[in-house]
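> need a structure here:
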Amino acid sequence: MLANAYYTHWQAWPKTASGRAPEVHLVGQSVEMRWEQVRMVDMSQNHYGVPPIALPPTVPPLSHEGMLIPAALVARNLKILYLPTTKVACTALKFLIAQAEGSLNVHSMQTLATAAVTPMHTIHNPIVSGLTLFRELEADEQQHILRADDWWRVGAIRNPYARMYSSWENRVLLRAPSLEIETYECFEDVLMDGCIDLGASFSMFMQQVIDNP
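Numbers count the residues shown, from 1 in each chain. So this is what the prediction gives:
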């Protein structure tokens, strides 16, 4: 299954000068692929020169509840308050909720200037999901959503070990854009015969987490 995931991921990357898709290793990536990947991340972190989107002037000050759940999203038609957790299917759940809500902006998925790994990952931008940030609502509406019997407050949990591996694979191994990781110097790849040793590299990552909680 891991090999299939790697194959799917790399199909989205540019082809080599020879016109062939990048080589896929069951053990891991080639060193050359890693350098290309780092270069792509550097490009993505530039955000394509697009200036940040300013919040509308009508956004109220953050309430106590808004600070507690700053990433929570509201689907008014469905009467759902969704509390996303990173690496717990939040991309898929946001996509499904936006579809059911009728707020999904498919056009923006294909045209939005973003550092997203795939078009589906643009769902994290409210322009694409069309969902409302809970923190931007007036305090009275926030309290209603939190307490009303006809509203669903929805979240998801995941096995913490699987979540930890997924975090490493996505953010460190595959170098998905991340605001939390400023440098990868602490997460060096362990090489074996010119390819990345996945098990040893993950073990080194876990040691870093243990040493620097």
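
> which parts of stretch 67-81 are buried?
Going by neighbour count (16 or more other C-beta atoms under 10 Å), the buried part of stretch 67-81 is 69, 72-75, 78, 80-81. Backbone N, C-alpha and C define where each C-beta goes, glycine included.

> And stretch 142-150, by the same measure?
Neighbour counts using 16+ other C-beta under 10 Å place 142, 145 of stretch 142-150 among the buried residues.

> Next, the residues that contact that stretch from outside, please.
63, 65-66, 74, 79, 81, 134, 137, 151, 153 (C-beta atoms under 8 Å, 6 or more residues apart in numbering).

> what's the average pLDDT for it?
Throughout stretch 142-150, pLDDT has a mean value of 96.

> My read is that Arg163 contacts Val88, right?
Yes. At 6.5 Å, Arg163 and Val88 qualify as touching, with contact defined as C-beta atoms under 8 Å.

> re earlier: could I get the contacts of stretch 142-150 in TSV, plus columns for secondary structure?
What follows is these, written out as TSV (DSSP: H, G, I helix; E, B strand; the rest coil):
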residue	secondary structure
Ser63	coil
Glu65	helix
Gly66	helix
Val74	strand
Lys79	coil
Leu81	strand
Phe134	helix
Leu137	coil
Trp151	coil
Arg153	strand
